[in-house]
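Novice: pasting the sequence and the predicted model now:
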There are 2 protein chains.
Amino acid sequence: MINRLVERIQKTNAPIVVGLDPMMKFVPEHIRQAAFSEYGETLKGAAEAILAYNKGIVDAISDLVPAVKPQIAMYEQFGTEGLIAYQKTVAYCKQKGLIVIADVKRGDIGSTSEAYAAAHLGKVTVGTKTYAPFDADFATVNPYLGSDGIQPFLKVCQEEKKGIFVLVKTSNPSSGEFQDRLVDGRPLYEIVGEQVARWGETCMGEQYSYVGAVVGATYPEQGKVLRALMPKAFILVPGYGAQGGKGADLVHFFREDGLGAIVNSSRGIIAAYQQEKYARFGAKNYADASRQAVLDMKEDIAQALRERENAAKGKGHGEL
Amino acid sequence: MINRLVERIQKTNAPIVVGLDPMMKFVPEHIRQAAFSEYGETLKGAAEAILAYNKGIVDAISDLVPAVKPQIAMYEQFGTEGLIAYQKTVAYCKQKGLIVIADVKRGDIGSTSEAYAAAHLGKVTVGTKTYAPFDADFATVNPYLGSDGIQPFLKVCQEEKKGIFVLVKTSNPSSGEFQDRLVDGRPLYEIVGEQVARWGETCMGEQYSYVGAVVGATYPEQGKVLRALMPKAFILVPGYGAQGGKGADLVHFFREDGLGAIVNSSRGIIAAYQQEKYARFGAKNYADASRQAVLDMKEDIAQALRERENAAKGKGHGEL
């Protein structure tokens, strides 16, 4: 699956993943009303509204980007109806050829992680039958419990050719509270990053490992260090846009060849129509606003990578 | 809710929580067959089987213990059908007067943790209506993302009088990989434990905080240190029984008054009938085996606490 991700990034020329994190306040009035008039102001009504909203966005962007990342919490908050919408969203995106990164941040002791790995990436047996319950392509995983919480995911990655992204340095303001604490003079996220590289050696694709890392766009300096520490890990970079990460901050996460990272934007894309910049589209055409926001993000990242390349060339000339 | 937990522990005289972590291999043949013959070997069939199995156990133990702890991964592995069984299990246990600790180990950046907190402990709004999707009494939470991932849970705890248990030192063999790393000469779990105590000050019940901690029975020495560092935190202690924790190991987690900790046992109770010790009950009477296992666990803990008390008295006499 990591090979397919690389392939799709090269084909679309967009190291971009669209975060499908549908808050009700993002869903245009006409979609909400249609769902509520059919199902009432119920959890099912909410679930149907976010599913319809997602489908509109997916239809508008599926040719532009390699992947989507639904954040399961945004579905879980609507209970089992919300999770049915999550499952349908995953299936719809896969049907449209998109790679699905399940942002579930699961992680537990071994036997429990085994159940999570089966739920989100693998298969489960019922009597003589086998099912793939949520069947995403990648999942995000929390490392706090150490290797025996990660091993069951590695096993499923090997069997099913799927992948994980392990939280290393998260994008939120207080991520440093524990992740930056110095262990033998080095921040904890570096220790976790080194472990990600070790886990990754057991699950290699062609150039990259099936085991990637999450490193927030809001911490570009840390990204530079981690890029070097985990040379074969793909980095999933949240925090671009709404959380404050900019194109120029992102270059550190990419390898020299412009690969090795995939940048997530959620509300910056899916709720683009609510921004002044894209207000001209209007709520009815929210999906077109999302498409334009993807095109702009693609250009922002491409420009930052070109500038880095030019700077490197300039430096090369200077050294002649 | 923490006051109610203390009350129920005192009333039952059992600082015990039964882990409802139903693996299919624990479910007696007759229950599996009944579910499969009605729903087929489907995810719904599996979900109905674990629900029926749970209900049998709950009926047999609800007068003996204050609380249950369903591990959501064991339901999530059967997809949305499994999560419907999870939701019904929570509701059934509450109806039987049990306190429900949702073992979900969620944790994310602020806006996402807000959705998880609403899903599992709080309420969500759909138009003009309000729903409590999973509506447990407590939830377990992963601290790796720091304070802004915890704050939304604290807010819900304050509003709904519910509680959380934050992972501090987990029971699994590799928990030390990151949790034991030394930060300024002290293990990370102590740093997290101190933060749990600080978070807890903002959500106090009568004697204890709404913010508790998870500390594994398999690490009694660490439990002693953490008990002192977090004097007002209730400690949820997994790892008793199947994972290797013994009654004598547990005393360090309790305060002098015999309160302050609640010990979890999952397969040791729910799959008791598969142990040689309880084989006489047979699969048909699996719930009676679970009841006997609870009684034995209760006695094991009570004896360990009595021995500690006697040792303290003996020491007291010696000092006269």
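Specialist: The structure has been received and is ready for your questions.
Novice: does A:I101 touch A:F165 like I think?
Specialist: Yes. With contact defined as CB atoms under 8 Å, A:I101 and A:F165 form a contacting pair (6.9 Å). Just so you know, the C-beta spots here come from the backbone N, C-alpha and C atoms, and that holds for glycine as well.
Novice: between the two, which contacts overlap?
Specialist: Among the neighbours of A:I101, those also in contact with A:F165 (CB atoms under 8 Å, 6 or more residues apart in numbering or on different chains) are A:F138, A:A139, A:T140, A:L236.
Novice: how far off centre is the helix or strand hosting A:Y53?
Specialist: Under the criterion of DSSP states H and E, A:Y53 resides in helix A:43-61. Remark: helix A:43-61 is offset 18 Å from the chain centroid, using CA atoms, centre = their mean, to the nearest Å.
Novice: same check, this time on stretch A:20-33
Specialist: Mean-position distance between stretch A:20-33 and its chain equals 20 Å (CA atoms, centre = their mean).
Novice: roughly how far does A:D296 sit from chain B?
Specialist: 23 Å (CB to the nearest CB, to the nearest Å).
Novice: and A:A213, which of the three is it?
Specialist: What DSSP: H, G, I helix; E, B strand; the rest coil gives for A:A213 is strand.
Novice: give me the nearest residue to it, chain neighbours excluded.
Specialist: In this structure, A:A213 finds its nearest non-sequential neighbour in A:V168, 4.4 Å apart by CB to CB, 6 or more residues apart in numbering or on different chains.
Novice: so how do I select the buried members of the shared contacts of A:I101 and A:F165 in ChimeraX?
Specialist: The buried residues among those can be selected in ChimeraX (16 or more other CB atoms under 10 Å in any protein chain shown) with this line:
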select /A:138,139,140,236
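Novice: how about the shared contacts of A:I101 and A:F165 in JSON lines, adding distance to B:L250 and pLDDT?
Specialist: Shown next, in JSON lines, are these (distance: CB to CB, whole Å; pLDDT from 0 to 100):
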{"residue": "A:F138", "distance to B:L250": "40", "pLDDT": "98"}
{"residue": "A:A139", "distance to B:L250": "34", "pLDDT": "98"}
{"residue": "A:T140", "distance to B:L250": "34", "pLDDT": "98"}
{"residue": "A:L236", "distance to B:L250": "40", "pLDDT": "98"}
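Novice: ok, back up a step: other SSEs contacting the helix holding A:Y53?
Specialist: strand A:16-20, helix A:29-39, helix A:73-76, helix A:79-95, helix A:267-270, helix A:286-319, strand B:124-126 (3 or more CB pairs under 8 Å, 6 or more residues apart in numbering or on different chains; DSSP states H and E).
Novice: the third one: how far from the chain's middle?
Specialist: I take that to be helix A:73-76. Counting by CA atoms, centre = their mean, helix A:73-76 comes out at 15 Å from the chain centroid.
Novice: just checking, what packs against it?
Specialist: helix A:43-61, helix A:79-95, helix B:110-120.
Novice: wait, which of those helices is closest to A:A311?
Specialist: A:A311 sits nearest to helix A:43-61 of all those, at 30.6 Å, using CB to CB.
Novice: quick one: buried residues of that closest one?
Specialist: Per 16+ other CB under 10 Å, helix A:43-61 contains these buried residues: A:43-58, A:60-61.
Novice: hang on, the earlier thing: any idea which of the helices and strands packed on helix A:43-61 gets closest to B:I84?
Specialist: Nearest of those (CB to CB): helix A:79-95, 5.0 Å.
Novice: contacts for that closest one?
Specialist: A:20, A:42-44, A:46-48, A:50-51, A:54-55, A:58, A:62, A:68, A:70, A:72, A:74-76, A:78, A:100, A:102, A:133-137, B:79-80, B:83-84, B:87, B:119, B:131, B:133-134.
Novice: beta partners of the residue most central in space within chain A?
Specialist: When CA atoms, centre = their mean is applied to chain A, the residue found nearest the centroid is A:K69 (4.3 Å). Beta-bridge pairing for A:K69 (DSSP bridges): A:G19.
Novice: from chain B, how far off is it?
Specialist: 12 Å.
Novice: contacting residues for that residue?
Specialist: Per CB under 8 Å, 6+ apart, neighbours of A:K69: A:V17, A:V18, A:G19, A:L20, A:V100, A:I101, A:A102, A:D103, A:L236, A:N264, A:S266.
Novice: B:P231: which of these is nearest?
Specialist: A:D103 (36.6 Å).
Novice: returning to what we had before: the residue nearest to A:A213 contacts A:E194, correct?
Specialist: No. Counting by CB under 8 Å, A:V168 does not reach A:E194; the two are 9.8 Å apart.
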